[in-house]
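*Asks:* sequence-free structure coming up:
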């Protein structure tokens, strides 16, 4: 769940790239945030980001291959076992993997090789999936034949047995304990936390604007990605731990340690060799020395919070806790729920792993969603106008309530569309626990593909979300797209139909039959998806309610970097000014996505 409760956004916010397939350090691509697929496919694009004139891919110009490229492909295919049945093999140039994020190369190979293909590097082969039919098989229909694989290897030293890296048995136990904590009364009470924390950010920006108005033109320049990051951290602290980081307005050793740990989690997801597994690195590598020091600061803080919660435990049944009057409860955190739950006696280490997972899983996702929503809106003034008109009609000058969120349909769709274009993370990782047979998907082998035990698979959410075969104008920012059904012309795929959502507030994998996976799907779908979406909606609505936001430079100036999530290389610098004549007496139109 992006930001906040977290095991939740678990899926949505984790290191997305296997170390043996990623880059040494952050990799950026100028303009990548603007037109990733268009630039990658050599399609002529129009002015805004990701706005292409057509969606069918052109024949790709074959890049001249070097001796190193050919030798690398021959060697790696031999070492990794050659073909997986009739599965196509990606044989891109080595240079494809450098100078731009990995998932751009995966997109090019998807267009060239189809729904399912093998990617070989070193002694390891990976299967890349870019098809909702195949993704549905892995995530839902045969979910327990797969675990998190490489992802768990990366995260276990940081998150322990938290929901994301946990083995299947541990996951079942912890999920059964955590899911009831995201009940309706808790979510409704958390809207107040979202309001309060976003209010801090608004007050900070308002103070800067007052100063600018008294000395100049009333316009300020703000790095919004950093502001959203601080906001997300404060929400997580209060909603999950009952701890106020206060990161919007201050700094502390705990905040510095949290960010240090977040950076290390990202570093481990984008580094070629897992050198940190060698014990001497703990004392000899400076960044590992710092990481372990940061981890101790956070663990000490979490241990103290757990001890305090246990000291004030009020044991109760799940049903009774879900009926608590949260307006009268001082500590409304998820930690309080987990400690008070009768019949659940996790040790302190397990609780700490749960909390650490929530912290890391939730934080970057929310910041990234808000960053890219702001980036897209800054280039689409007509969408901003429509959103602000809705906000004025629903809220006027008020802060939103849960009932208001149900009326802010267009703002909700903006959040969903931002997640479609910039999924967090761009890849989901699985490893086969036993032999399986994948379906061929839209254009694969109709007999499917046999998968032996121990194969790592990348489900490319980025490819799914931008596929020209399952989305109309896939690179275009169109929040309205989720309101209309899209019939399927692909055997085995049910198309997109809002009615299948059964009244859901936000688009999901059920409506899109796994062509839309902002929080994964199936049994291991992130449990805090609604928390994350609501948090992002509240924050975006309150920002748009008060301010007009424009990019400081051009969209091409915004460079893209990937690690745990898709974010910017140097921040999202924006120009902010106070909105004039905000508010409206007109009643809003109320609608769920799937009514």
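*Replies:* Sure, I can see it. Bear in mind the structure is a predicted one, so any value in this text is a computation, not a measurement.
*Asks:* Which strands or helices does the one helix or strand residue 541 maps to pack on?
*Replies:* In this assignment (DSSP states H and E), residue 541 forms part of helix 529-546. Here helix 529-546 touches helix 6-9, helix 184-215, helix 224-236, helix 348-377, helix 381-395, helix 402-407, helix 409-421, going by 3 or more CB pairs under 8 Å, 6 or more residues apart in numbering; DSSP states H and E. For every residue, glycine as well, the C-beta is placed using N, CA and C.
*Asks:* Let's see that with 10 Å instead.
*Replies:* Contacts defined by 3 or more CB pairs under 10 Å, 6 or more residues apart in numbering; DSSP states H and E place helix 529-546 against helix 6-9, helix 184-215, helix 224-236, helix 348-377, helix 381-395, helix 402-407, helix 409-421, strand 573-578.
*Asks:* would you turn these into a markdown table with mean pLDDT, distance to residue 453 and mean neighbour count?
*Replies:* Formatted as a markdown table, the entries for those read as follows, by pLDDT from 0 to 100; distance: least, CB to CB, whole Å; neighbours: other CB atoms under 10 Å:
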| stretch | mean pLDDT | distance to residue 453 | mean neighbour count |
| --- | --- | --- | --- |
| helix 6-9 | 33 | 27 | 35 |
| helix 184-215 | 95 | 40 | 17 |
| helix 224-236 | 95 | 37 | 26 |
| helix 348-377 | 90 | 27 | 27 |
| helix 381-395 | 98 | 47 | 19 |
| helix 402-407 | 97 | 45 | 17 |
| helix 409-421 | 98 | 33 | 25 |
| strand 573-578 | 97 | 49 | 19 |
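*Asks:* Put together JSON lines for the ones you listed, with distance to residue 436 on each row.
*Replies:* Written out in JSON lines, the entries for the helices and strands packed on helix 529-546 read as follows (distance: least, CB to CB, whole Å):
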{"stretch": "helix 6-9", "distance to residue 436": "26"}
{"stretch": "helix 184-215", "distance to residue 436": "36"}
{"stretch": "helix 224-236", "distance to residue 436": "36"}
{"stretch": "helix 348-377", "distance to residue 436": "27"}
{"stretch": "helix 381-395", "distance to residue 436": "42"}
{"stretch": "helix 402-407", "distance to residue 436": "40"}
{"stretch": "helix 409-421", "distance to residue 436": "28"}
{"stretch": "strand 573-578", "distance to residue 436": "47"}
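*Asks:* Just the residues contacting whichever helix or strand comes after the helix holding residue 541, thanks.
*Replies:* Sequence order places strand 547-551 as the next helix or strand after helix 529-546, per DSSP H and E. Counting contacts by CB atoms under 10 Å, 6 or more residues apart in numbering, the residues outside strand 547-551 that touch it are 202, 205-206, 209, 219-220, 222, 224, 374-375, 377-379, 381, 384, 388, 543, 557-558, 572-580, 582.
*Asks:* change it to 8 Å
*Replies:* With CB atoms under 8 Å, 6 or more residues apart in numbering as the test, strand 547-551 has contacts from 205, 224, 374-375, 377-379, 384, 543, 557-558, 572-579.
*Asks:* How about the secondary structure of the spatially most central residue of the chain?
*Replies:* Taking CA atoms, centre = their mean, the centroid of the chain lies closest to residue 424, which sits 2.4 Å from it. For residue 424, the secondary-structure state derived from DSSP: H, G, I helix; E, B strand; the rest coil is coil.
*Asks:* Next, the angle helix 381-395 makes with the helix holding residue 541.
*Replies:* Angle between the axes of helix 529-546 and helix 381-395 is 100 degrees (criterion: axes from the mean of the first three to the mean of the last three CA atoms, to 10 degrees).
*Asks:* Quick one: mean pLDDT for helix 529-546?
*Replies:* Averaged over helix 529-546, pLDDT sits at 97.
*Asks:* now it, how far from the centre of its chain.
*Replies:* Computed by CA atoms, centre = their mean, to the nearest Å, the separation of helix 529-546 from the middle of its chain amounts to 15 Å.
*Asks:* relative to strand 573-578, how tilted is that helix?
*Replies:* An angle of 60 degrees separates the directions of helix 529-546 and strand 573-578 when computed by the same axes, to 10 degrees.
*Asks:* So which residues of the chain form strands?
*Replies:* Under the criterion DSSP state E, the chain contains strands at 28-29, 116-121, 124-129, 146-147, 219-223, 427-432, 436-438, 449-451, 456-460, 547-551, 560-562, 566-568, 573-578.
*Asks:* Turn those into JSON lines, columns for distance to residue 277.
*Replies:* Converted to JSON lines, the strands of the chain look like this (distance: least, CB to CB, whole Å):
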{"stretch": "strand 28-29", "distance to residue 277": "27"}
{"stretch": "strand 116-121", "distance to residue 277": "19"}
{"stretch": "strand 124-129", "distance to residue 277": "16"}
{"stretch": "strand 146-147", "distance to residue 277": "19"}
{"stretch": "strand 219-223", "distance to residue 277": "35"}
{"stretch": "strand 427-432", "distance to residue 277": "18"}
{"stretch": "strand 436-438", "distance to residue 277": "29"}
{"stretch": "strand 449-451", "distance to residue 277": "27"}
{"stretch": "strand 456-460", "distance to residue 277": "17"}
{"stretch": "strand 547-551", "distance to residue 277": "41"}
{"stretch": "strand 560-562", "distance to residue 277": "23"}
{"stretch": "strand 566-568", "distance to residue 277": "26"}
{"stretch": "strand 573-578", "distance to residue 277": "38"}
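*Asks:* The residue nearest to residue 459 when sequence neighbours are not counted and residue 466, how far apart?
*Replies:* Residue nearest to residue 459 in three dimensions, not counting chain neighbours: residue 428, with 4.2 Å by CB to CB, 6 or more residues apart in numbering. In this structure, residue 428 and residue 466 are separated by 15 Å, where distance is defined by CB to CB, to the nearest Å.
*Asks:* Ok, residue 297 next?
*Replies:* For residue 297, the distance to residue 466 - CB to CB - is 40 Å.
*Asks:* Between those two, point out the one with more neighbours.
*Replies:* Set residue 297 next to residue 466 and count neighbours by other CB atoms under 10 Å: residue 466 wins out with 27 against 18.
*Asks:* Give me the phi and psi for that one.
*Replies:* The main-chain torsion angles of residue 466 are listed as degrees, to the nearest 10 and equal phi -120, psi 20.
*Asks:* excluding its backbone neighbours, what's nearest it?
*Replies:* Going by CB to CB, 6+ apart, residue 466 has residue 474 as its nearest residue, at 4.6 Å.
*Asks:* Just give me the neighbour total for residue 304.
*Replies:* Taking other CB under 10 Å as the neighbour definition, residue 304 ends up with a count of 11.
*Asks:* just checking, residue 458 touches residue 124?
*Replies:* No - under the criterion of CB atoms under 8 Å, residue 458 is not in contact with residue 124, lying 11.9 Å apart.
*Asks:* Start and end of stretch 212-222, how far apart?
*Replies:* Distance between the boundary residues of stretch 212-222 (CA to CA, to the nearest Å) amounts to 12 Å.
*Asks:* What lies in contact with it?
*Replies:* Contacts to stretch 212-222, defined as CB under 8 Å, 6+ apart, come from residues 205, 208, 209, 552, 573, 574, 575, 576, 577, 578.
*Asks:* Out of these, which is nearest to residue 157?
*Replies:* In terms of CB to CB, no member of the contacts of stretch 212-222 lies closer to residue 157 than residue 573, at 34.5 Å.
*Asks:* give me the beta-bridge partners of the closest one?
*Replies:* Residue 573 forms beta bridges with residue 223, as assigned by DSSP bridges.
*Asks:* start at 41 instead
*Replies:* Noted, 41 is the first residue going forward, which turns the last one into residue 613.
*Asks:* Please list all residues in contact with it.
*Replies:* Neighbouring residues of residue 613 by CB under 8 Å, 6+ apart: 261, 262, 263, 264, 591, 592, 593.
*Asks:* How about residue 610?
*Replies:* Residues near residue 610 by CB under 8 Å, 6+ apart: residue 599.
*Asks:* Same check on residue 478?
*Replies:* Residue 478 makes contacts with 156, 167, 169, 174, 177, 178, 488, 489, 491, as judged by CB under 8 Å, 6+ apart.
*Asks:* can we see that at 7 Å?
*Replies:* Under the criterion of CB atoms under 7 Å, 6 or more residues apart in numbering, the neighbours of residue 478 are 156, 174, 177, 488, 489, 491.
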